[in-house]
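Q: here is my input, please return the structure:
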Amino acid sequence: MAEFAARYGRWAVVTGAAQGVGLACTEALIARGLGVVLVDVDPMVADVARALGDEATARPLIADVADPSWIESLAEATDGLEVGLAVANAGVAFVGRYLDMEPARRRAILEVNCAATADLASWALPAMVERGRGGFVATSSGSALAGTGGVALYSATKAFSINLVEALGWELADSGVDTLAVVAPTMDTPMFRAGGADPARAFAAPVDPRVVVEAALDALPEGGRWLADEGLRFAAAVDRSERVPMLSLATTSMYPGVFERQAPRPGGAQ
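A: As a prediction, the model looks like this:
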């Protein structure tokens, strides 16, 4: 644990930290000796931070990462802190047909899953490179391994995270800064439960996010795209022409009544 703190420094920033994967990551980082700035749009993040410790351990920042000005708020909140690890975890999703999505939700998915991740990288990485140490982590998803029906835009934005992190890893090679895209399986989180999913219909039982987070942090020095389990490694090895229907069916089958295939029209048109 002491080696982890020595490698990445005293402070970390985690977005989407009030619950689920972000909270699991925050708790794991504190256990490894880092203080964490918890960023979340939900005011409950202040209570979460107080429950985790004092200001030397956990500091809340109530901010909407869909608003570009959140980076300015982050800079103010971390003034005087050496941030050696940044975790882009905040995410927005939509389950259903892409064409049924409201414009506001579409924009939120793009802003939170893509723009905020890129903004965090642009803010955090220069100082890390200058110090010659640090780490950047982005939470991705198994749906990013191919275009996944039922979560089409979410899937695309999570692929964005993987590509960005892989490219940054190449550009920052030998800089002392590690980058990792966490390709996560279905996890038992508040977002998963609130989305109407039926866990019994999942291809595999939803995983405790704490298990994924601990293994991902151990894998951070390796960098690149990290596949969390054997199921994801199997999916990644399947030909893409087969991977798209496989992931799409695995995803949509978990949401009975939320996403249903239309019956084929005469002549085979969909």
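Q: I figured A205 hits P199, correct?
A: Yes. With contacts counted by Cβ atoms under 8 Å, A205 reaches P199, the gap being 6.9 Å. Glycine gets a C-beta too; all of them are placed from N, C-alpha and C.
Q: and P126, how far from R133?
A: P126 sits 13 Å away from R133, going by Cβ to Cβ, to the nearest Å.
Q: er, V37 actually
A: From V37 to R133 the distance is 18 Å (Cβ to Cβ).
Q: so which of these two has more stuff around it?
A: Each of V37 and R133 has its neighbours counted (other Cβ atoms under 10 Å); V37 has more, 22 against 18.
Q: ranges for the strands of this protein?
A: Counting by DSSP state E, the segments of the chain that form strands are 11-15, 35-40, 58-62, 83-88, 134-141, 177-184, 224-227.
Q: and the contacts of the second one?
A: By Cβ atoms under 8 Å, 6 or more residues apart in numbering, the list of residues contacting strand 35-40 from outside reads 10-18, 22, 26, 29-30, 45, 48-49, 52, 56-63, 65, 70, 74, 77-78, 81, 83, 90.
Q: neighbours of L61, how many?
A: For L61, using other Cβ under 10 Å, the count is 20.
Q: quick check: bridge partners of it?
A: Beta-bridge partners for L61, by DSSP bridges, are V39.
Q: I figured it was touching S73, is that so?
A: Yes. Counting by Cβ under 8 Å, L61 does reach S73; the two are 6.3 Å apart.
Q: which of the contacts of strand 35-40 are buried?
A: Neighbour-count burial (16 or more other Cβ atoms under 10 Å) applied to the contacts of strand 35-40 gives 11-18, 22, 26, 29-30, 45, 48-49, 52, 58-63, 65, 70, 74, 77-78, 83, 90.
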